[in-house]
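# here is a sequence with its predicted model. Questions after.
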Amino acid sequence: MPTLDELTRRAQADTEDGHAAFAEIVARFTDMALGCAYTILRDREVARDVVQEAYVAAWRSLHTLRDAQAFPAWFRRIVVN
């Protein structure tokens, strides 16, 4: 199983492999993101929409992430905002 560092580095390359790496990141962090969004919104469908939008925002801003280990906190901040 690739590390978060490897996945993030590959995803930042914005290649076909990068897209696959980002899909793996999505798979790893969706439960955390949904839990965070649901805690705030108390609506499962709205929380799913927010998480989907947060992943789009994260994809667009992934090049700004300097430390892959910071991804969970960085992404949680995107979800909350």
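Received the coordinates, thanks.

# right, and the helix or strand after the longest helix along the chain?
Under DSSP state H, the helix in the chain containing the largest number of residues is helix 16-41. Downstream of helix 16-41, the first helix or strand assigned by DSSP states H and E is helix 44-61.

# list the buried residues for whichever helix or strand comes after that next one?
Remark: after helix 44-61, the chain's next helix or strand is helix 71-80, criterion DSSP H and E. Judged by neighbour count (16 or more other C-beta atoms under 10 Å), helix 71-80 contains these buried residues: 71, 74-76, 78-79. Yep, even glycine has a C-beta here, placed from its N, CA and C like the rest.

# with distance to Val51 and pLDDT added, can I get those residues in a markdown table?
Written out in a markdown table, the entries for the buried residues of helix 71-80 read as follows (distance: C-beta to C-beta, whole Å; pLDDT from 0 to 100):
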| residue | distance to Val51 | pLDDT |
| --- | --- | --- |
| Phe71 | 15 | 96 |
| Trp74 | 15 | 97 |
| Phe75 | 10 | 97 |
| Arg76 | 11 | 97 |
| Ile78 | 10 | 98 |
| Val79 | 6 | 98 |
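
# quick one: contacts for Ala19?
For the record, residue 19 is His, not Ala. His19 makes contacts with Ala11, as judged by C-beta atoms under 8 Å, 6 or more residues apart in numbering.
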